[in-house]
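Chemist: Next input, structure requested:
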Amino acid sequence: MFVIFALLSAVFSSLTALFSKLSLKQIKPQTAVFFRTGLILIFLWAFVFLTDALDIKTINATNLVFLVLSGACTGLSWISYFKALSIGDVMKVSAVDKSSVCLTVIIGIIFLNESFTVFKIIGVVAILLGTYCMIDNKSTISKRTSFAYFPFAALSAIFAALTSIFAKIGLKDVNSDLATAIRTCIVFVIAGLFALIIDVYKPRAQLKKTNNRANATTQDDNFSTPPNKVNLNTDDQSNILALSKYVPRNKHKIIIEIIFLLLSAITTTFAWLMYYRALSMGEASVVAPIDKLSIAFTILLSWIFLKEKLVKKSLWGILFLTLGSISVIF
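Modeler: Alright, predicted model coming up:
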């Protein structure tokens, strides 16, 4: 039964990647994560109350600690993932992110004493080959930023793997829907902190610094240069250019992106409900690979709707990723 839940999670996860990419043109990544998590939090707790799953007595200290750790890893994974998405192609970012299944399988076998099979090893190797094929081809974006997404996508994969392992421990003897709602509270807090620091405090600090330099330059020139023609150095101009990216230019586009953000939150909610239900029933080293079949759906959707390139090497990547995800089930 858990296989069905894991497959449903894969379908909803693929839609999440598409909607998330479409919501990142006007809205800043960290802000998007924050509001998206807030919506998911509302949906999850509503689901908990509607299904009468609110049974706090079943949660002990161990459950709570590992659910908090799982939520923290999810928050850090999302921040890294959305940052990578704002820079790189969906299919490449998703390929690196989904490689987290390799770490999940290895950690599950070593630390959770989950079953060790030759098929799991073959699956891990195939997934790594598929990831290599997906990221080692010509990019649809400039050479300067072709691999800028990779460190963030890699961090996303590492934290995603830890998320599954911690969640597996935290879900023991606990209603999976309630556990999902609890860990999402932690994700929401972390997302809020990152949004506050990166999207609010940092731009304001940069703007204040730029204004101070501009005022200092004006005073040094004894007002010989008109205020609207103050000569700023390269760093100041770069700061202003960076800040200008955060100024919304089209209200209609923002509304459309908010709609996609809402759709992303809805699909993520269902993906999480399905995934953690499956995780509470089956091994993490099996559930995670099935869920990562979403990479095939994600790449297909990004090719159809986002017009991202799907070269021959990418097709081999899809094949390896799919076969690898299926192999570790056995």
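Chemist: mind checking how far residue 65 is from residue 182?
Modeler: 11 Å (CB to CB, to the nearest Å). (Glycine included, C-beta is placed from N, CA and C.)
Chemist: nope, residue 50 is what I was after
Modeler: Going from residue 50 to residue 182 by CB to CB gives 17 Å.
Chemist: of these two, who's got more company?
Modeler: Applying other CB atoms under 10 Å to residue 50 and residue 182 shows that residue 182 carries more neighbours, namely 22 against 9.
Chemist: where does the residue nearest to residue 59 when sequence neighbours are not counted fall, phi/psi-wise?
Modeler: Spatial nearest neighbour of residue 59, excluding adjacent residues (CB to CB, 6 or more residues apart in numbering): residue 174 at 5.7 Å. Main-chain dihedrals, residue 174, degrees, to the nearest 10: phi -130, psi 140.
Chemist: Quick check: end-to-end length of stretch 166-180?
Modeler: Stretch 166-180 has an end-to-end distance of 12 Å (CA to CA, to the nearest Å).
Chemist: What average pLDDT does that stretch get?
Modeler: For stretch 166-180, the mean per-residue pLDDT is 91.
Chemist: Which of the helices and strands in the chain ranks last by mean pLDDT?
Modeler: helix 234-244 (a mean of 45; mean pLDDT, DSSP states H and E).
Chemist: just checking, residue 105 touches residue 125?
Modeler: No: between residue 105 and residue 125 there is no contact, the gap being 10.9 Å when judged by CB atoms under 8 Å.
Chemist: Show me which of the two is the more surrounded one.
Modeler: In this view residue 105 and residue 125 are compared by other CB under 10 Å, and residue 105 has more residues nearby, 27 against 14.
Chemist: SS state for residue 76?
Modeler: Three-state assignment for residue 76 (DSSP: H, G, I helix; E, B strand; the rest coil): helix.
Chemist: The closest residue to it other than its chain neighbours: how many residues sit nearby?
Modeler: Spatially, and ignoring its direct neighbours in sequence, residue 76 is nearest to residue 159 (4.6 Å; CB to CB, 6+ apart). Residues lying near residue 159 (other CB under 10 Å) number 22.
Chemist: Next secondary structure after the host helix or strand of residue 159?
Modeler: Per DSSP states H and E, residue 159 falls inside helix 150-170. Next helix or strand after helix 150-170 toward the C-terminus (DSSP H and E): helix 176-194.
Chemist: I'd like to know which elements that following helix is packed against.
Modeler: helix 29-50, helix 61-87, helix 150-170, helix 251-281 (3 or more CB pairs under 8 Å, 6 or more residues apart in numbering; DSSP states H and E).
Chemist: Quick one: closest of those helices to residue 18.
Modeler: When those are compared by CB to CB, helix 251-281 sits nearest residue 18, at 8.3 Å.
Chemist: If you compare the directions of the closest one and helix 61-87, what angle comes out?
Modeler: 140 degrees (axes from the mean of the first three to the mean of the last three CA atoms, to 10 degrees).
Chemist: what distance separates helix 251-281 from the middle of the whole chain?
Modeler: For helix 251-281, the gap between its own C-alpha mean and the chain's C-alpha mean amounts to 11 Å (CA atoms, centre = their mean, to the nearest Å).
Chemist: Who are the contact partners of residue 258?
Modeler: Shown in contact with residue 258 (CB atoms under 8 Å, 6 or more residues apart in numbering): 23, 27.
Chemist: Residue 67 versus that one, what's the distance?
Modeler: 30 Å.
Chemist: do the same with residue 326
Modeler: From residue 326 to residue 67 the distance is 30 Å (CB to CB).
Chemist: what's the distance between the nearest residue to residue 27 once chain neighbours are set aside and residue 196?
Modeler: Of all residues not flanking residue 27 in the chain, residue 257 sits nearest, at 5.3 Å (CB to CB, 6+ apart). Per CB to CB, residue 257 is found 20 Å from residue 196.
Chemist: More neighbours: the two, which one.
Modeler: Neighbours per residue (other CB under 10 Å) separate residue 257 from residue 196, with residue 257 holding more: 20 against 14.
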